[in-house]
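Novice: sequence? don't have it. structure:
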Ligand SMILES: NC(=O)c1ccc[n+]([C@@H]2O[C@H](COP(=O)([O-])OP(=O)(O)OC[C@H]3O[C@@H](n4cnc5c(N)ncnc54)[C@H](O)[C@@H]3O)[C@@H](O)[C@H]2O)c1
Ligand SMILES: N[C@@H](CCO)C(=O)O
Ligand code: NA
């Protein structure tokens, strides 16, 4: 049972007057019931006409109040002395409307409607000045004290603004009353500003007095607007009630006792069910007007909420509630339904636009919930800030409530062997920091005590560093301290959540998300309260880090920004597959793929948020800019919105492939069907793989061998589970497979080659296929994957390109001249046929002898290699485990759809490595 005392003893002087009646009333409310109990004191005689004896029972609050009032009236006790009128407790609901909510007469009317729509018995409404008015008022004072006489015009504008609003909103007597007050206030202000103008100076209290008029006028307008609908409503100048004392720079402490007394007094004079009170302004104990400084109106609402023990304080604003991260930086940020006081506190510290921490203190002590709601979307339930978050579902991911960032910081690192075990070092460091007035945002010291690092705002770091150099001059000279180092360009990312405390694994998830987004963490701090994990990172990584962490904790998508190089046959087909599958991936697998760049060899198309894939070709043609690979890659790596980025190289270009190392180094994942990197110079290949294995950056190339067939993944599976590769043998060329499967005597050789090219099986230049180079590359790729250190030149290759055509300047010329060799080919074919054999072009990785071969062989017609059709590849793995019967992978090994499908599989593999569900 909570005591809700509504009466206070009379002052001793009054109590001493025996003839005067005394009234000690106390009210209590049974938790969970609407029954009010009263106990009307001790056998009191309240004058001749009214006698209330010992009495106890249930009575409705309203009837009791009426009773008390008539008792007071009947015995003609001065109201001040009876002092029993301010009820407290659950009947009160406090609302606060900021400047934006009070921005126009229409909005003020909506505010009135919201207040009237609240069914609470009593309502206390705190309002700010109409939007921009506070700034206009400060500007008035500024102008006047700088002797700029345009202050008179500025004052006139303010007057006009309020007059116009009032005329829109009110009518009749109320309008007249308001306008007359406005006139009189403005003429007082004019006089006061004139004085400031002459003096060339305004004291803080003068300035506070002037500025507070914005709230006075908006409170009056709203109270008249509410009254207009017939509800009894008074307005309150909180300077009569709210007493505060300054406490440090730009801060005040409320005097609750004195404020409560004054509020009682005010209420006993003007009891009303709806009170509209001015936010922001207050008074000192000496009755000098002042303000509540930062976020003052929220603070007013919280203090008054506490004074009346409100059941709830609602802060109305223009957002749906508190977001899990800044929605300008994380588009998937969600509205939180509840937050604990501590969480709100932590978040507001980190600049999340929640509440000023001081706003939480008054309500926290009385356990009053604050609800943040959107007055422009009243269907949104908003965010409730209260003691116990209600939506604890025991889920590890739900431990983090929100993420916040602070930019423009510098880290200071003080390091040296002379610090360990020497008491007073940190005190000396921070007293030097204090002396230059810098604000320390975060501190971290490892237990070895050899270094202390802390973050300060970047603009304060020069002074801090200079002060430390002076303070530690001797220690630095003597080598006890080795350095005072400044690291500029830092940001803080903080994860906030009450339930992180004592839940293992939260930091692991956070750091895993950061590592996967290739973000380097420079410093870490977590207090033992465990509400907050703070990491310091490079400012340029900050938004990406925020998004990576947020998407890992908040069921939002694994977002992958994709850059496609080479929108030719494979690249173009892939783009179409991505277009068709994007929404399914989003829905079913929480993967959000955004193609933010496409570059061909002459034109490129860039987008910050994602290219519309239904018309990528048209957009590339119409809106494309000249291709520039360096700029293209920069576009991707400079994009700080998407945490994960991948470049898809769908060219056959050696020079594009030569950049993979740099891209991986930048933290950009690489996926490709291009064989050039893995079959290029061995040292480069090894360097690339070493880098990739040492980082969280991925490099996938399944489509380089057997197109979409699971060749690389099968080989890896065998190797990783400890199997030993003995031999890999097969038909690795879709083109050559197609050619020999279809070169059966009915068509010429050159015709079949043209068909293979037409079907999209060949390399951009079919000579790469016919020369055996393409097969040799695949053999090299598989050999290296199996651990052999071979160069392309180590593999003897039987070329099918007639020597005379090797020097053709283009693929077209080659195709034109090829028919002149048809006869030779017809001859070779019939010789094989006569022997009951077929021609097949095969590749071999001989892991035992550490060598590879690529050659045209003849096989009996019943050999498995002779049974293929279309562009089939067949790859036989002979291993320790598959020694008798090889493991065989077979199927179409070239062609646009299957190859693009193989690349797509790699993209999804990447997404799943990055945290998408598998
Ligand atoms: N066709 C298949 O069945 C198949 C199968 C597996 C792997 N691959 C590989 O896929 C890759 C693409 O083959 P494709 O058939 O789509 O070739 P393609 O010639 O149709 O497409 C390549 C595209 O890359 C562009 N390009 C070339 N150099 C570029 C550069 N430096 N910068 C930007 N763009 C550039 C070209 O303009 C063209 O649009 C090749 O590496 C190939 O080996 C193809
Ligand atoms: N040109 C290649 C494409 C697949 O890598 C082939 O024919 O096999
Ligand atoms: Na493959």
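Specialist: Now that the structure is in, tell me what you want to look at. Small disclaimer: the values here were computed from a predicted structure and weren't measured. Ligands and ions are numbered 1, 2, ... in the order given.
Novice: show me what counts as buried in the longest helix along the chain.
Specialist: Under DSSP state H, the helix in the chain containing the largest number of residues is helix 172-199. Of the residues in helix 172-199, 174, 175, 178, 182, 185, 186, 189, 192, 193, 196, 197 count as buried by neighbour count, 16 or more other C-beta atoms under 10 Å. Quick note: C-beta positions are derived from backbone N, CA and C, even for glycine.
Novice: try stretch 792-803
Specialist: Residues of stretch 792-803 classed as buried: 792, 794, 795, 797, 800, 801 (neighbour count, 16+ other C-beta under 10 Å).
Novice: next one: stretch 401-409
Specialist: Residues of stretch 401-409 classed as buried by neighbour count (16+ other C-beta under 10 Å): 401, 402, 403, 404, 405, 406, 409.
Novice: closest one of the residues you listed to ligand 3?
Specialist: Proximity of those to ligand 3, judged by C-beta to the ion, is greatest for residue 403, which lies at 39.1 Å.
Novice: bridging residues for the closest one?
Specialist: residue 495 (DSSP bridges).
Novice: confirm for me that it is in contact with residue 549.
Specialist: Yes: taking contacts as C-beta atoms under 8 Å, residue 403 lies within contact range of residue 549: 5.6 Å.
Novice: kindly report the residues of the protein close to ligand 3.
Specialist: Taking C-beta under 5 Å from the ion as the test, the list of the chain residues beside ligand 3 reads 702, 706, 709, 711.
Novice: how far does stretch 412-427 stretch from start to finish?
Specialist: Here the two ends of stretch 412-427 are set 15 Å apart, with distance taken as C-alpha to C-alpha, to the nearest Å.
Novice: and stretch 562-574, by the same measure?
Specialist: Taking C-alpha to C-alpha as the measure, stretch 562-574 stretches 12 Å from start to finish.
Novice: show me which positions of it end up buried.
Specialist: 562, 563, 564, 565, 566, 567, 569, 570, 571, 572, 573, 574.
Novice: cross the residues you listed against helices and list the overlap.
Specialist: Filtering the buried residues of stretch 562-574 for helices - DSSP H - leaves 569, 570, 571, 572, 573, 574.
Novice: now those as CSV including pLDDT and distance to residue 669?
Specialist: As requested, these are exported to CSV (pLDDT from 0 to 100; distance: C-beta to C-beta, whole Å):
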residue, pLDDT, distance to residue 669
569, 97, 23
570, 97, 18
571, 98, 17
572, 98, 21
573, 98, 21
574, 98, 15
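Novice: tell me how far residue 900 lies from residue 830.
Specialist: Separation of residue 900 from residue 830 (C-beta to C-beta, to the nearest Å) stands at 38 Å.
Novice: likewise residue 638?
Specialist: Using C-beta to C-beta, residue 638 is found at 61 Å from residue 830.
Novice: switch the buried residues of helix 172-199 over to TSV; also include pLDDT.
Specialist: Putting those into TSV (pLDDT from 0 to 100) gives the following:
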residue	pLDDT
174	95
175	97
178	97
182	97
185	97
186	97
189	96
192	93
193	95
196	94
197	95
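Novice: for those, work out which two are farthest apart.
Specialist: 174 and 197 (33.7 Å; C-beta to C-beta).
Novice: re the thing from before, who touches both of residue 403 and residue 549?
Specialist: 493, 495 (C-beta atoms under 8 Å, 6 or more residues apart in numbering).
Novice: now the stretch 151-300 of the chain, which segments are flagged as low pLDDT?
Specialist: For the stretch 151-300 of the chain, the stretches flagged by pLDDT under 70 are 294-295.
Novice: what are the boundaries of the strands in it?
Specialist: Along the stretch 151-300 of the chain, the segments classed as strands by DSSP state E, counting those that start in this stretch run 233-236, 244-246, 252-254, 274-278, 281-283, 289-291.
Novice: and the longest one, what does it pack against?
Specialist: Right, strand 274-278. Using 3 or more C-beta pairs under 8 Å, 6 or more residues apart in numbering; DSSP states H and E as the contact test, the elements touching strand 274-278 are strand 122-127, helix 213-228, strand 233-236, helix 296-307.
Novice: how about a cut-off of 7 Å?
Specialist: Applying 3 or more C-beta pairs under 7 Å, 6 or more residues apart in numbering; DSSP states H and E, one finds that strand 274-278 makes contact with strand 122-127, helix 213-228, strand 233-236.
Novice: partners of the helix or strand hosting residue 535, with directions?
Specialist: Secondary-structure assignment from DSSP states H and E places residue 535 in strand 532-538. Partners of strand 532-538 in the sheet, by DSSP bridges, are strand 483-496 (antiparallel), strand 521-526 (antiparallel).
Novice: so which of those is nearest ligand 1?
Specialist: Between ligand 1 and the strands paired with strand 532-538, the shortest gap by C-beta to the nearest ligand atom is with strand 483-496, which sits at 32.8 Å.
Novice: return the set of buried residues in the closest one.
Specialist: 484, 486, 487, 490, 491, 492, 493, 494, 495, 496.
Novice: who's the first one bridged to?
Specialist: Put plainly, it is residue 484. With DSSP bridges as the criterion, residue 484 is bridged to residue 414.
Novice: which residue is the nearest non-sequential neighbour of the residue in the chain that ligand 1 sits nearest to?
Specialist: Scanning the chain for proximity to ligand 1 using C-beta to the nearest ligand atom identifies residue 568 as nearest, at 1.8 Å. The shortest distance from residue 568 to any non-neighbouring residue, by C-beta to C-beta, 6 or more residues apart in numbering, is to residue 650 (6.5 Å).
Novice: what's the burial count for that neighbour?
Specialist: Residues lying near residue 650 (other C-beta atoms under 10 Å) number 28.
Novice: list the contacts of it.
Specialist: Taking C-beta atoms under 7 Å, 6 or more residues apart in numbering as the definition of contact, the neighbours of residue 650 are 564, 565, 566, 568, 570, 571, 574, 673.
Novice: ok, residue 906 - contacts?
Specialist: For residue 906, the contacting residues are 671, 700, 702, by C-beta under 7 Å, 6+ apart.
Novice: how far away is the first one from residue 703?
Specialist: What it means is residue 671. Per C-beta to C-beta, residue 671 is found 9 Å from residue 703.
Novice: now swap in residue 201 and tell me
Specialist: Look at residue 201 and residue 703: by C-beta to C-beta, they are 77 Å apart.
Novice: okay, these two: which has more neighbours?
Specialist: Here residue 201 and residue 703 are set side by side on neighbour count (other C-beta under 10 Å), and the busier one is residue 703, at 30 against 13.
Novice: quick check: that one vs residue 316, distance?
Specialist: 56 Å.
Novice: pretty sure residue 811 sits against residue 766.
Specialist: Yes: using C-beta atoms under 7 Å, residue 811 and residue 766 qualify as a contacting pair, with a distance of 6.2 Å.
Novice: more neighbours: which of those two?
Specialist: Per other C-beta under 10 Å, whichever of residue 811 and residue 766 has more neighbours is residue 766, with 22 against 16.
Novice: tell me the contacts of that one?
Specialist: 735, 753, 757, 811, 814, 815.
Novice: and what about the residue of the stretch 101-250 of the chain found nearest ligand 3, helix, strand or coil?
Specialist: When you check the stretch 101-250 of the chain against ligand 3 by C-beta to the ion, the closest residue turns out to be residue 101, at 60.5 Å. For residue 101, the assignment made with DSSP: H, G, I helix; E, B strand; the rest coil gives coil.
Novice: list of residues touching stretch 509-527?
Specialist: The contact list for stretch 509-527 (C-beta under 7 Å, 6+ apart) reads 411, 442-444, 453, 487, 490, 495, 532-538, 541, 544-545, 548-549, 552-553, 643-644, 667, 695-697, 914-915.
Novice: closest one of the contacts of residue 906 to ligand 2?
Specialist: Looking at the contacts of residue 906 and their distance to ligand 2, the nearest is residue 702, at 11.1 Å (C-beta to the nearest ligand atom).
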